[in-house]
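Participant: Below is the structure, and that's it, no one-letter string:
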């Protein structure tokens, strides 16, 4: 499986390095590449009323990138902007399930956003968890009921902090099956 990491706007290289390091540990058989070009945030993604960007519109642009990059199976976009979907106040990320495009936002992952003391290590850990989570969705996984599994739904930053950066045993079995090319279209059983 070949996965591209797409910078949407400017992204700190420390974030890219840590996310890549953790993704390579979790998805051992996958090849990861940071795409050389930075994609601008689509202008039509900005919701003036909410003062946020619509993740579904950004995700559509990522999907278009996947279609152009024939050598890649998936692309995970990383953006440093506040994102949401119409039915939620905010999201930490969004992905096709199953599919080829995923997106994480760094904006609300910084401890300073929730009035905590700056903590680079905590911020990088949160970004890595969200990256693994969204790639799990692209492989067909739904949300897990285990609050310590990386696939648990993060309704708040506290949920993200509680969960681990790993799949629980139930999700791991599904991810292993989904990672095999012949089973790439795994259907989740939620």
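Facilitator: Good, I have the coordinates. Treat the numbers as computed from the prediction; the structure is a model and nothing was measured. Numbers count the residues shown, from 1 in each chain.
Participant: Could you give the bridge partners of the closest residue to residue 38 other than its chain neighbours?
Facilitator: Spatial nearest neighbour of residue 38, excluding adjacent residues (CB to CB, 6 or more residues apart in numbering): residue 7 at 4.5 Å. Heads up, the C-betas are built off the backbone N, CA and C, glycines and all. Going by DSSP bridges, residue 7 is paired in beta bridges with residue 78.
Participant: quick one: contacts for residue 7?
Facilitator: 16, 34, 35, 38, 39, 77, 78 (CB atoms under 8 Å, 6 or more residues apart in numbering).
Participant: Then the first one would be within a helix, right?
Facilitator: Yes. Secondary structure of residue 16, determined by DSSP: H, G, I helix; E, B strand; the rest coil: located in a helix.
Participant: tally of neighbours for it?
Facilitator: 15 (other CB atoms under 10 Å).
Participant: Also the last one?
Facilitator: The burial metric for residue 78, expressed as a neighbour count using other CB under 10 Å, is 25.
Participant: if I look at it, how far off is residue 158?
Facilitator: To residue 158, residue 78 is 22 Å away according to CB to CB, to the nearest Å.
Participant: Likewise for the first one?
Facilitator: Counting by CB to CB, the gap between residue 16 and residue 158 amounts to 26 Å.
Participant: So what does the residue located most distally from the centre of the chain have for phi and psi?
Facilitator: Most distant residue from the mean C-alpha position of the chain: residue 49, 25.1 Å away (CA atoms, centre = their mean). Main-chain torsions, residue 49, degrees, to the nearest 10: phi -60, psi -40.
Participant: Which residue ranges of the chain form strands?
Facilitator: 2-8, 31-34, 46-47, 52-54, 74-79, 83-84, 93-95, 101-105 (DSSP state E).
Participant: and of those strands, who's closest to residue 128?
Facilitator: strand 101-105 (9.5 Å; CB to CB).
Participant: mind listing what that closest one pairs with, with the direction of each?
Facilitator: Partners of strand 101-105 in its sheet, by DSSP bridges: strand 74-79 (parallel), strand 93-95 (antiparallel).
Participant: chain center to the shortest one: distance?
Facilitator: So that's strand 93-95. 6 Å (CA atoms, centre = their mean, to the nearest Å).
Participant: Model confidence score at the residue farthest from the centre of the chain, please.
Facilitator: Looking at residue 49, its pLDDT stands at 95.
Participant: Report the distance from the lengthiest helix in the chain to the chain centre.
Facilitator: Counting residues, the longest helix in the chain under DSSP state H turns out to be helix 120-138. Its chain's C-alpha centre and that of helix 120-138 lie 6 Å apart, by CA atoms, centre = their mean.
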